[in-house]
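>>> have a look at this prediction, sequence included:
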Amino acid sequence: MPFIIVSGLSGSGKSTVLRTLEDTGFFITDNLPPELWGAMNDLVEARGLTRVAVSTDARTRDFLASLESSHARLARRQQDLRILFLEANAEVLLKRYNLSRREHPLGNNLMLDFVRERELLAPLRAIADTVIDTTDLSAKELSERVMKMFRLEHEFTLRILSFGFKHSPPRDADLVIDVRSLPNPYYDPELKARTGLEPQVQQYIFRDDDSVKFYEEIRDFVRNSAQRTRAAGRHGYTVAIGCTGGQHRSVAVADRLAQDLRDLNVDVMEHRDMKRVNDT
């Protein structure tokens, strides 16, 4: 179980690092005094959590006197302990503060606060495994460096939803695809009461080369869109597949997409309107 302590100067990118770690499955605790590091380690270990990161910085200045002893105790119990320290030059920190309009935790003159903070956190910097100067790094570049450093991957989920246009499209979908041009089993008396999850219905919908080609174009477009979204750093993408009533065609297409794109960590959220009656 890796236990990562994130520290550094205010405005140097700690929030970016914590968000990156959290998005890759870490349990995060912000602003944790050193004396509680050991207790947190025991707690998460007892809960079976496998990735943990905490932050300790100038906000915990009243508790930093126990830093060395707390670190020594934790190091004896935690085999995979990492300390990451972030810093940047004063001019960049000042610019970032002016943009965010936040107040420095030491709350005096900003340039003096930066000096005092460096002195206050010097013991933490001294025991850090890695120090990153973020002066010339964007938030995205910092996130990518942390991902590479800890050999992490973003947890990406492709969510697939089927629906019926007669019940209105979902509002929270990233991509809405209309499959009403596919053959409609509703007009076959033997299939009308069935759903798109059943083999007989799926055979009816994908019965000719034109329907199969249309589906393959949808599949390839969804794959490309999801892959580009993942590469851009997003962690989820929702695709809504719609037919008239949401019982047959949209369900069948969503189900086949879930099988064909399972390498993208597919989550079929729901067949929203499949159980509604009198679909047309």
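Nice, thanks for sending it over.

>>> what helix or strand is V222 located in?
Using DSSP states H and E, V222 sits within helix 209-231.

>>> and for that helix, what's in contact with it?
With CB atoms under 8 Å, 6 or more residues apart in numbering as the test, helix 209-231 has contacts from 154, 156, 158, 174-175, 177, 179, 181-183, 205-206, 237, 239, 253, 256-257, 260-261, 264. Backbone N, C-alpha and C define where each C-beta goes, glycine included.

>>> just the buried ones from those, in ChimeraX syntax?
Buried members of the contacts of helix 209-231, identified by 16 or more other CB atoms under 10 Å, are gathered into one ChimeraX selection as follows:
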select :154,156,158,177,179,182,183,205,206,237,239,253,256,257,260,261,264
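
>>> any idea of the mean pLDDT for the host helix or strand of L99?
According to DSSP H and E, L99 maps onto helix 90-100. With pLDDT averaged residue by residue, helix 90-100 scores 82.

>>> quick one: average pLDDT of the helix or strand following that helix?
Counting by DSSP H and E, the element after helix 90-100 in chain order, helix or strand, is helix 110-120. Averaged across helix 110-120, the pLDDT comes to 87.

>>> what's helix 110-120 packed up against?
Contacting helix 110-120 under the criterion 3 or more CB pairs under 8 Å, 6 or more residues apart in numbering; DSSP states H and E are the following elements: helix 90-100.

>>> who's in contact with the helix it packs on?
Helix 90-100 is contacted by residues L9, S10, G11, S12, A88, H104, L110, M111, F114, V115, T134, T135 when judged by CB under 8 Å, 6+ apart.

>>> got phi/psi on the first one?
This means L9. The phi/psi pair for L9 (degrees, to the nearest 10) reads phi -70, psi 150.

>>> list the contacts of it.
By CB under 8 Å, 6+ apart, the contact list for L9 reads D57, A58, L86, E87, A88, L93, F114, E117, R118, L121.

>>> switch the residues you listed over to a markdown table; also include neighbour count and distance to H71.
Putting these into a markdown table (neighbours: other CB atoms under 10 Å; distance: CB to CB, whole Å) gives the following:
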| residue | neighbour count | distance to H71 |
| --- | --- | --- |
| D57 | 24 | 15 |
| A58 | 21 | 17 |
| L86 | 26 | 18 |
| E87 | 23 | 19 |
| A88 | 22 | 24 |
| L93 | 23 | 26 |
| F114 | 22 | 24 |
| E117 | 23 | 19 |
| R118 | 14 | 19 |
| L121 | 23 | 13 |
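
>>> any idea which of those is closest to R51?
Relative to R51, the closest of these is L86; by CB to CB it sits at 19.2 Å.

>>> how confident was the prediction at that closest one?
What the model reports as pLDDT for L86 is 96.

>>> kindly report the same for N224.
96.

>>> relative to E217, how far out is it?
Separation of N224 from E217 (CB to CB, to the nearest Å) stands at 11 Å.

>>> now L36
Distance of L36 to E217, computed by CB to CB: 55 Å.

>>> can you give me the helices in the protein?
Applying DSSP state H to the chain gives helices spanning 14-23, 37-46, 67-77, 90-100, 110-120, 122-126, 139-149, 199-205, 209-231, 249-260.

>>> could you dump the ones you listed into a markdown table with distance to M274 added?
Formatted as a markdown table, the helices of the chain follow (distance: least, CB to CB, whole Å):
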| stretch | distance to M274 |
| --- | --- |
| helix 14-23 | 32 |
| helix 37-46 | 40 |
| helix 67-77 | 51 |
| helix 90-100 | 47 |
| helix 110-120 | 57 |
| helix 122-126 | 55 |
| helix 139-149 | 38 |
| helix 199-205 | 11 |
| helix 209-231 | 18 |
| helix 249-260 | 5 |
